[in-house]
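# Provided below for reference: sequence and predicted model.
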Amino acid sequence: MTNDTSFVTNMLAKTPGGVGRGRGGGGVNGESYQRQTAGEDARRSRARGGGGGVDNGESYQRQTTDNDKRECTSESTANYDGDEDQPGTLWSFVENSTPGDRDRDDVDDSFENGGDIVGVGTGTGVDSKHDFHRWSPSGSSLRDLLHFVGPGWFVSIAYVDPGNYQADVQAGGTARYSLLFALWWSSVLSIYVQILCVRLAYYGQVTLAEAQARNAPSDRRRYLNWFIAEFSSVITDLPEVIGIGIALNIFFGWPYVAGVVLSLFTTMTFLALLRCGLRTLEIIVCVFVGIMSIALWIEMGFVGVNTKELMEGWAYGFTKVTRNDMFAITGILGSVVMPHNLYLHTAACMSRRVRREEYVVRRAVRWSSIEPILPIMVSFFVNVAVVSISSESVYGSENAADVGLTDFCSYFKGLRGGCVFWAIALLAAGQSSAITTTFTGQYVMDGFLNIRLPVAARAVVTRLVAIAPCIVVSAAFPDDLNRMVNVVNSALSFLLPFAFTPLVKYNCSVEYMGAYAAGRCERAALYAFAIAVYLINAVA
């Protein structure tokens, strides 16, 4: 418990098991927590979601913005017994009455089935059966860390998708190893960005999309923010779909358009495994990362690496940067720190339910902040492999600046199995990325518009939107696919501030984060990062 704060528990009401269908929920046994901060003249309390209803079944009303009031209706379930398969007692861990002061039992279920969000206030007390199944420290560091393993691998796919490969090929083909420094510092920045996502999810108890929607000054601005976030997710999907088409072309000689169309069905097949739980899908994604890593590291061993140049480019390659390298650097930044990943990670963290007690939440933040480090470091060395292969195979060739995913393996065809390993990496990267972008689109739509689609429906819509331009380009302009991916990478770098700046803003906000808001020095560093992203885009 922080020294400058005190928690004041205010019992509002108890209900014999009211069910609130809404987005989050009440407090302990239908209680509402208030937090009084030193220096405040008044206490602020916001009741959100559907936890134990007031007056035996009346509805809670949650005001998100002055223009957006949503009502959560309640139903009576007097016989609810706290079964673990249903979302149970809702808790509130409220820091400065944060806008996200509600528990997120609903999100775990929405990951599973994409259905309606249901919050249940059982009125059964702190020791309810459902609360027993929430995470709390076990006393074993390894066991606690393993509980939170998953979301980090889920979001790490964004760092090794076909768009990243394209940026790596361009970097190695035009500047050899000298741009590895940009790849390294982008990866370091992305670790910090993912930690910011974790903090917002656990302390603020909101996803980035929800926070932006609630703070939009008007519906018009909210819809604009939604469009930008949705557009970022859709164009992120383009390189993934193209990567699948290129991989199948290498394997079977199919035209690119055939693989592009097939990606709709392969993605649906993997998403069907959600019936086995989100953990199953996280394991599959982790396996995909392992497959592409092994394939590319073997490929790098076949090609050979200039270790001295690699280390120089990693440590101080920035000394060799020229104006001509800025487009490649923006491509690296846009393909590594991807805007859709910020929306995805804040939502993915909600799948790990924890007790809403201050010490427990702080430990959850700690383990969830450590968890993405290994996946991101693995993805960094995967990208190093692609840069190295390109440096040794493509650099110095006549059309090095135009080489990309479609013709990369033609530069090491002489290696036994060279193109096969490249195709395996492309297929694993493209398919796993298509899965995660589908989830991102779902949570962007839910957060901004409060519209939930079943995962299957969302997958179909996302695939069709992404496939449409790819079919046109792959059928009519098969030689322009590389250029299309380059444009997407640069566009993502341009769109990054629209997601990163709000993330910085809410992490620095006392209203959202309470005592856990970024301090003065960290706040200065965060805004410096945000400004640097703007400057890189301006120079490029």
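Everything's here; your move.
# Which elements pack onto the helix or strand in which residue 326 is found?
Following DSSP states H and E, one finds residue 326 within helix 326-336. Contacts defined by 3 or more Cβ pairs under 8 Å, 6 or more residues apart in numbering; DSSP states H and E place helix 326-336 against helix 162-175, helix 180-199, helix 481-495, helix 520-539. In this view, the C-beta of every residue, glycine as well, is placed from N, C-alpha and C.
# which residues sit against whatever helix or strand comes next after it?
Counting by DSSP H and E, the next helix or strand C-terminal to helix 326-336 is helix 339-348. With contact meaning Cβ atoms under 8 Å, 6 or more residues apart in numbering, helix 339-348 is reached by 107, 150-151, 154-155, 158, 190, 193-194, 197-198, 200-201, 206-209, 229, 232-233, 236, 372, 436-437, 439-440, 443-444, 447, 492, 495-496, 498-500, 503.
# which is the next helix or strand following helix 339-348?
Downstream of helix 339-348, the next assigned helix or strand under DSSP H and E is helix 358-370.
# quick one, that following helix and helix 339-348 angle?
On the basis of axes from the mean of the first three to the mean of the last three Cα atoms, to 10 degrees, helix 358-370 is oriented at 150 degrees to helix 339-348.
# Now do helix 358-370: which elements does it pack against?
By 3+ Cβ pairs under 8 Å, 6+ apart, helix 358-370 packs against helix 141-148, helix 180-199.
# measure residue 409 to residue 415 for me?
Separation of residue 409 from residue 415 (Cβ to Cβ, to the nearest Å): 9 Å.
# Kindly report the same for residue 396.
18 Å.
# now do residue 499
Distance from residue 499 to residue 415, by Cβ to Cβ: 39 Å.
# which of the two has more neighbours?
residue 499 (25 against 17; other Cβ atoms under 10 Å).
# which other helices and strands contact the host helix or strand of that one?
Using DSSP H and E, residue 499 sits in helix 497-507. Packing contacts for helix 497-507, counted by 3+ Cβ pairs under 8 Å, 6+ apart, involve helix 180-199, helix 208-215, helix 219-252, helix 339-348, helix 510-513, helix 520-539.
# circling back to that earlier point, which of the contacts of helix 339-348 are buried? Put it as a ChimeraX command.
A single ChimeraX command selects the buried members of these (16 or more other Cβ atoms under 10 Å):
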select :107,150,151,154,155,158,190,193,194,197,198,200,201,206,207,208,209,229,232,233,236,372,436,437,439,440,443,444,447,492,495,496,498,499,500,503
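# re earlier: possible to save the helices and strands packed on helix 497-507 as TSV with mean pLDDT and distance to residue 272?
Below are the helices and strands packed on helix 497-507 laid out as TSV (pLDDT from 0 to 100; distance: least, Cβ to Cβ, whole Å):
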stretch	mean pLDDT	distance to residue 272
helix 180-199	91	28
helix 208-215	93	25
helix 219-252	90	17
helix 339-348	90	19
helix 510-513	86	37
helix 520-539	82	38
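# and these, which is most packed in?
Counting by mean count of other Cβ atoms under 10 Å, helix 339-348 has the highest mean neighbour count of the helices and strands packed on helix 497-507, with a mean of 29.
# Please save the CA atoms from that helix in PDB.
The C-alpha coordinates for helix 339-348 follow below in PDB (Å, rounded to 0.1, in the frame of the first residue of the first chain):
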ATOM      1  CA  PRO A 339       0.900   0.100 -33.900                       C
ATOM      2  CA  HIS A 340      -1.500  -2.800 -33.900                       C
ATOM      3  CA  ASN A 341       0.700  -4.600 -31.300                       C
ATOM      4  CA  LEU A 342      -0.100  -2.000 -28.700                       C
ATOM      5  CA  TYR A 343      -3.800  -2.700 -29.000                       C
ATOM      6  CA  LEU A 344      -3.200  -6.400 -29.000                       C
ATOM      7  CA  HIS A 345      -1.000  -6.600 -25.900                       C
ATOM      8  CA  THR A 346      -3.200  -4.500 -23.700                       C
ATOM      9  CA  ALA A 347      -6.100  -6.900 -24.500                       C
ATOM     10  CA  ALA A 348      -4.000 -10.100 -24.300                       C
END
